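A.B. asks: Return a 3D structure for these sequence lines:
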Amino acid sequence: MMISGVAMLALCTLLGSVLGDLLGVALGVKANVGGVGIAMILLIATRLWLSRRGLLTLPLKLGVEFWGALYIPIVVAMAAQQNVLVAARSGPLVLIAGIVTVFVCFATVALMSRIGERGETMDEIEARARGELATSGNAA
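C.D. replies: Below is the predicted model:
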């Protein structure tokens with residue numbers, strides 16, 4: 001069944017690529033527009049559909065997760081590299097827009113962390129959970 005997971009991943013990737021090419025043609029761009037993203041959405045939708053119907057077996061799930069963990073990040077990195085190369089050749093405005101976007105995101109995260117209330121850190125949550133476990137273990 002692990003082969004079925006790989007087949008499902010491959011089918012979603014091929015379908016995403018075809019739909020990305022069609023979207024590029026519809027937009028008048030000579031490129032695949034969002035094919036990897038479409039493939040990932042199709043993979044998630046397929047897994048949810050199979051899961052809701054009780055058809056997502058453990059080997060099928062493991063096959064998708066294994067190859068998804070290896071394949072999808074590599075394809076995303078390759079697509080990002082191509083986008084950066086095209087953007088760099090397009091002129092300085094694209095690079096300036098990218099740099100400004102990154103700084104705006106950093107500033108937004110910093111602002112949100114200062115405005116929001118202080119919550120528990122993961123270390124505090126885990127320490128509290130260990131304390132509760134130790135307390136309940138002593139009572140028994």
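A.B. asks: Can you give me the distance of Gly116 to Met122?
C.D. replies: 16 Å (CB to CB, to the nearest Å). Where C-beta positions appear, they are placed from N, C-alpha and C, glycine not excepted.
A.B. asks: Just the element for the spatially most central residue of the chain, please.
C.D. replies: Nearest to the geometric centre of the chain sits Met40, at 7.6 Å (CA atoms, centre = their mean). Per DSSP states H and E: Met40 is located in helix 35-52.
A.B. asks: chain center to that helix, what's the gap?
C.D. replies: The chain centroid and the centroid of helix 35-52 are separated by 12 Å under CA atoms, centre = their mean, to the nearest Å.
A.B. asks: tell me what it is packed against?
C.D. replies: Counting contacts by 3 or more CB pairs under 8 Å, 6 or more residues apart in numbering; DSSP states H and E, helix 35-52 packs against helix 2-27, helix 58-90.
A.B. asks: May I see the buried residues of the shortest one?
C.D. replies: Right, helix 2-27. The neighbour-count check on helix 2-27 (16 or more other CB atoms under 10 Å) flags 5-6, 8-9, 12-13, 15-17, 19-21, 23-24 as buried.
A.B. asks: Most widely separated two among these?
C.D. replies: Maximum pairwise distance among these (CB to CB): 28.6 Å, between Gly5 and Gly24.
A.B. asks: And the residue nearest to Gly5 when sequence neighbours are not counted, how far from Leu23?
C.D. replies: Nearest residue to Gly5 in three dimensions, chain neighbours excluded: Gly63, at 2.1 Å (CB to CB, 6 or more residues apart in numbering). Going from Gly63 to Leu23 by CB to CB gives 28 Å.
A.B. asks: what do you get for Gly98?
C.D. replies: 22 Å.
A.B. asks: With Ala31 instead?
C.D. replies: According to CB to CB, Ala31 stands 10 Å off from Leu23.
A.B. asks: Next: Cys12.
C.D. replies: Cys12 sits 16 Å away from Leu23, going by CB to CB.
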